[in-house]
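Here is a sequence together with a model predicted from it:
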Amino acid sequence: MRPPKWLVSTLLFCTVTMVCSKADTPTDGAQVSAQARFLCKWWSEDQMNGLDPNHPPPKNTEIVIEKWDYSDPVGTPHPDVVDLVVEIKNESDVPVAALSVEIEGQWKIGPFAKETLAKWGTPAKLKSTQLSSVASHHTESVRVPINVASKMAELKSSKGWPYAFRGKVTVVAAGSTVATAEHELTILKGD
Amino acid sequence: MPEITGPVGQGVPHSSSDDVITIQTLLKKAGNDPGKIDGRCGPKTISAIVAFQSKFLSAPDGRVDRGGLTWKKLTAEALSLVQLPQVSGFGYYSFSPVTRQYGTADTIQALRDVAASFRLNASQQNPGATSVSLGVSCTDRMMGIGDISFQNGGPMDPHATHQKGTNTDIRPLRTDKKQSPVSITDAEYSSEDTSMLVKCLLAHKNVRRILFNDTSIQGVTFFVGHHNHLHVEMRS
């Protein structure tokens, strides 16, 4: 059975459009992916066992943090500063050049006493950087410190609380967005 | 935490009798006798306010304003929180800094009573684990005590409560006996030992309520976020 004419036309149009987009990128055939996550320094499992809270050892183990949580002062990470780490990977077999990386951050803020009133604020530019070249199947990372403690201190006088932080990355090549990623850090207040 | 709705004392034409009673009660607890606690702000009450203020003000004005310095000092002194003794071998260990371990005398006593009771129960259940240290019999199962309150009470970020020395965070028990954090979803979590701890807590007359999310344990109340600690509310 032959496919209908409209389907053939549509497929042809899509193919042409994709070829044109590729031709606009600086390195033909390159594919770029982006990932964002949060890392921080915290105590290791061994350090936590019998830890003296009045004379704590240095936090020197880097961990991935999904939520800022004070529910156990030792066991659940709640650092003053977390790092938003953005990884840009060249997934293709050829090098990719001239990538522009734009990183934005956004806080979700509300009254300490009523989380349901929390709202996302306006995104703010945190960092803008250029990657001159990323080798084939290599990853470049960009790190931005996010000071959670100072945000809490800033909101304290108005009895507010930062309920979450969202990091967002946009990777641009030759004026076109080639990859985006975002990640959220939940910030839990205690009871 | 006591509250007042408006100012009390010198130059205040009308104060509610409830507010005056609150101030008179706090003054008495702080050691400044306001005379009869009758809800009337007379010369004795004002003198007691002045006497109290002279401890920290060069020019006492005999007046207590809601949220003001005199109010803060008065409530802090009246709370008279005491520090959890930082000792080992008595059935508990601390996992919060000492500055965050102040409670009412009743709360601290209750924690010590429960720790002793828990130690006794644990040693009876597993006599082989008993050891003697510095002449004190103890087991390797210890109750981990975290945040209670600050010395003068008041907000303890990031907690909503823990303001007046009657709320305490306690760790669940682990099967490996480590003094480490544990969540009810971890393999190392001991429901059996934690259940014994809960029984000891609930047997104490000063324990009002325990928020904890292992609902297989009788007597605890489920509350979001309480998978890795027992939030224990005391009566006084």
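Nice, I can see it. Since the structure is predicted, the reported quantities are computational estimates derived from the model, not experimental observations.

Walk me through the domains of chain B.
Per automatic domain parsing, the domain ranges recorded for chain B read B:8-79, B:82-234.

do you know which of these lies nearest chain A?
Nearest to chain A, of all those, is domain B:82-234, at 2.3 Å by C-beta to the nearest C-beta. Using the backbone N, CA and C atoms, a C-beta is placed for each residue, glycine as well.

returning to what we had before: in a markdown table, list the domains of chain B along with mean pLDDT, distance to A:Ser71 and mean neighbour count.
Formatted as a markdown table, these follow (pLDDT from 0 to 100; distance: least, C-beta to C-beta, whole Å; neighbours: other C-beta atoms under 10 Å in any protein chain shown):
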| stretch | mean pLDDT | distance to A:Ser71 | mean neighbour count |
| --- | --- | --- | --- |
| domain B:8-79 | 92 | 25 | 17 |
| domain B:82-234 | 89 | 6 | 18 |
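
and the longest helix belonging to chain B, what does it pack onto?
If each helix of chain B is counted by residues according to DSSP state H, the longest one is helix B:105-125. Judged by 3 or more C-beta pairs under 8 Å, 6 or more residues apart in numbering or on different chains; DSSP states H and E, helix B:105-125 is in contact with strand B:82-83, strand B:92-94, strand B:136-138, strand B:143-145, helix B:191-202, strand B:230-234.

Partner strands of the first one, with direction?
In the sheet containing strand B:82-83, the strands it pairs with under DSSP bridges are strand B:102-103 (antiparallel).

Contacts for the strand it pairs with, please.
Residues from elsewhere that reach strand B:102-103 (C-beta atoms under 8 Å, 6 or more residues apart in numbering or on different chains): B:81-84, B:111, B:148-151, B:153, B:165-166, B:168, B:234.

Would you mind listing what in chain B touches chain A?
Within reach of chain A by C-beta under 8 Å from any C-beta of the partner chain, chain B has these residues: B:86, B:93-98, B:100, B:146-147, B:157-162, B:169, B:171, B:178-182, B:211, B:223, B:225-229, B:231.

among those residues, which are in strands?
Counted as lying in strands by DSSP state E, out of the residues of chain B next to chain A, are B:Tyr93, B:Ser94, B:Asp169, B:Leu211, B:His231.

Just flag the most distant two among those residues.
B:Tyr93 and B:Leu211 (21.3 Å; C-beta to C-beta).

list the contacts for B:Leu69?
B:Leu69 touches B:Phe56, B:Leu57, counting by C-beta under 8 Å, 6+ apart.

Tell me how far it lies from B:Pro60.
Per C-beta to C-beta, to the nearest Å, B:Leu69 is found 11 Å from B:Pro60.

shared neighbours, these two?
What both B:Leu69 and B:Pro60 touch, as defined by C-beta under 8 Å, 6+ apart, is an empty set.

Bridged to residue 102, which residues?
Using chain A here. With DSSP bridges as the rule, A:Glu102 is bridged to A:Ser128, A:Thr170.

think we crossed wires, I meant chain B
B:Gln83.

In this structure B:Leu26 contacts B:Thr75, no?
Yes: taking contacts as C-beta atoms under 8 Å, B:Leu26 lies within contact range of B:Thr75: 6.6 Å.

Name the residues contacting each of these two.
Joint contacts of B:Leu26 and B:Thr75 (C-beta under 8 Å, 6+ apart) are B:Pro2.

so who does the closest residue to B:Glu188 other than its chain neighbours touch?
Nearest residue to B:Glu188 in three dimensions, chain neighbours excluded: B:Arg174, at 4.7 Å (C-beta to C-beta, 6 or more residues apart in numbering or on different chains). Taking C-beta under 8 Å, 6+ apart as the criterion, B:Arg174 is in contact with B:Ser180, B:Val182, B:Glu188, B:Tyr189, B:Ser190, B:Asp193.

how about those residues, which pair is most distant?
Maximum distance among the contacts of B:Arg174 (C-beta to C-beta): 13.8 Å, for B:Ser180 and B:Asp193.

Pretty sure A:Leu185 sits against A:Glu66.
Yes: look at A:Leu185 against A:Glu66 with C-beta under 8 Å: they come within range, at 7.3 Å.

Compare these two (neighbour count), which wins?
Shown here are A:Leu185 and A:Glu66; by other C-beta atoms under 10 Å in any protein chain shown, A:Leu185 has more neighbours (21 against 13).

Okay, and the beta partners of the more buried one?
On the basis of DSSP bridges, A:Leu185 takes part in beta bridges with A:Phe165.

can you pull the contacts of it?
A:Leu185 touches A:Phe38, A:Ile65, A:Glu66, A:Lys67, A:Trp68, A:Val82, A:Ile146, A:Ala164, A:Phe165, A:Arg166, A:Gly167, counting by C-beta under 8 Å, 6+ apart.

For chain B, what's its nearest residue on chain A.
A:Gly75 (2.3 Å).

Now do the same contact list for that residue.
A:Met48, B:Ser180, B:Pro181, B:Val182, B:Asn228.

In CSV: the residues you listed, plus distance to B:Gly9.
Listed next are these as CSV, based on distance: C-beta to C-beta, whole Å:
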residue, distance to B:Gly9
A:Met48, 50
B:Ser180, 51
B:Pro181, 48
B:Val182, 51
B:Asn228, 46
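
From those residues, pick the one nearest A:Ser176.
Using C-beta to C-beta, the contacts of A:Gly75 come closest to A:Ser176 at B:Asn228, 46.1 Å.

residue contacts, the closest one?
B:Asn228 neighbours (C-beta under 8 Å, 6+ apart): A:Ser71, A:Asp72, A:Gly75, A:Thr76, B:Arg171, B:Pro172, B:Pro181, B:Val182, B:Ser183, B:Ile184.

Mind picking out the helix or strand in chain A with the poorest mean pLDDT?
Every helix and strand in chain A was compared by mean pLDDT, DSSP states H and E; the lowest is helix A:5-24, with a mean of 39.

I'd guessed B:Lys164 sits against B:Ser149; true?
Yes: if you go by C-beta under 8 Å, B:Lys164 and B:Ser149 touch, sitting 6.4 Å apart.

what's the residue nearest to A:Thr76 when sequence neighbours are not counted in contact with, if anything?
Among residues not flanking A:Thr76 along the chain, A:Asp69 sits closest, at 4.0 Å (C-beta to C-beta, 6+ apart). By C-beta under 8 Å, 6+ apart, the contact list for A:Asp69 reads A:Thr76, A:Pro77, A:His78, A:Leu188.

could the residues you listed be laid out in JSON lines, adding pLDDT?
Below are those laid out as JSON lines (pLDDT from 0 to 100):
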{"residue": "A:Thr76", "pLDDT": "95"}
{"residue": "A:Pro77", "pLDDT": "96"}
{"residue": "A:His78", "pLDDT": "96"}
{"residue": "A:Leu188", "pLDDT": "94"}
